[in-house]
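1. Task: produce atomic coordinates for the following.
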Amino acid sequence: MLISYHSHSRWSDGEGEIEDFVYTASLMGLSEFGPSDHYVLSPGGKLESWSMPLDALGDYVEAVQKAAGCAERGLVVRLGLEADYFPETAEDLRKILWSHPFDYVIGSVHRLDGFQIDDTIEDWLPLSQDERNDIIRRYWIRVKEMAESRMFDIAGHLDLVKKFDMRPSIDLSKEISSALDAVANAGMSIELNTSGWYKPCREAYPSFDILKGCFDRGIPVLISADAHKPEDLIRDYERAKQLLLRVGYTEFVSYRGRQMVFHRIAE
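-> Numbers count the residues shown, from 1 in each chain. As a prediction, the model looks like this:
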């Protein structure tokens, strides 16, 4: 059972059509593939350059469903989305998400009160350490709120805030623990996202310690590559699998109709 649920096509900030990803997923022998292009319902209606236009969601759903009908070699195509959480637009987003037949929705925090967390390191460099600490602290509080909204199935790149290797100089274990408790209480899963190994932090999302905290809370997991081009659909999956086994995980999950299905990790 090999799945890839976190990927971005030209509908948001990726390269290639959904059909290109489906074709490559078939060649790679995947059991299930799901695109999860960005959908960002920002406060004030600002359109992010890395998100699909808000009025394109229906067309995106149709494009995925059409591509699913062309899948070969027994590949199952799931309908996914990566949606950003903002408390100001949460209720509007909730209605939008439930108006489409998604198999799963990845919940993410990329922007925090106007600050873009993962755009460029230049956004972080002018900040003092105290300012960085405050952003990282508030990020974890926002992740907790995201989970408590109970709108999402998968917590995306759980510690994305470390992308540029900007680490806190204060103890944030309380905030992180509260966020993980909220993820567990919401019945969400997390992804072990391999893309972090190729970022300045040189560490998968989430870190080993946070991944262990998820395991200790019984939070289910799946591996994703956050692929922005078809050839990266299962990048570093074997490395990620070994990390999961080292933490103690013996199962991973897939989704159908926003319901989890559990599978044994093959050693």
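2. just so I have it, where are all the strands in this protein?
-> 3-4, 32-33, 38-39, 76-77, 80-84, 104-108, 111-112, 115-116, 154-155, 189-193, 221-224, 251-256, 259-264 (DSSP state E).
3. May I see those arranged in CSV, with mean neighbour count, mean pLDDT and distance to E175 as well?
-> No exception for glycine: its C-beta is placed from N, CA and C like everyone else's. Putting the strands of the chain into CSV (neighbours: other C-beta atoms under 10 Å; pLDDT from 0 to 100; distance: least, C-beta to C-beta, whole Å) gives the following:
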stretch, mean neighbour count, mean pLDDT, distance to E175
strand 3-4, 26, 98, 31
strand 32-33, 25, 97, 34
strand 38-39, 22, 98, 25
strand 76-77, 20, 96, 37
strand 80-84, 24, 98, 20
strand 104-108, 25, 98, 17
strand 111-112, 18, 95, 13
strand 115-116, 14, 95, 17
strand 154-155, 27, 98, 15
strand 189-193, 25, 98, 16
strand 221-224, 25, 98, 21
strand 251-256, 18, 98, 26
strand 259-264, 12, 98, 27
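4. okay if I get the ones you listed as JSON lines plus distance to I176?
-> Converted to JSON lines, the strands of the chain look like this (distance: least, C-beta to C-beta, whole Å):
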{"stretch": "strand 3-4", "distance to I176": "27"}
{"stretch": "strand 32-33", "distance to I176": "30"}
{"stretch": "strand 38-39", "distance to I176": "25"}
{"stretch": "strand 76-77", "distance to I176": "35"}
{"stretch": "strand 80-84", "distance to I176": "20"}
{"stretch": "strand 104-108", "distance to I176": "17"}
{"stretch": "strand 111-112", "distance to I176": "16"}
{"stretch": "strand 115-116", "distance to I176": "19"}
{"stretch": "strand 154-155", "distance to I176": "12"}
{"stretch": "strand 189-193", "distance to I176": "13"}
{"stretch": "strand 221-224", "distance to I176": "17"}
{"stretch": "strand 251-256", "distance to I176": "22"}
{"stretch": "strand 259-264", "distance to I176": "23"}
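5. Centre-most residue in this structure?
-> G156 (2.5 Å; C-alpha atoms, centre = their mean).
6. excluding its backbone neighbours, what's nearest it?
-> Excluding its sequence neighbours, the residue lying closest to G156 (C-beta to C-beta, 6 or more residues apart in numbering) is S108, at 3.8 Å.
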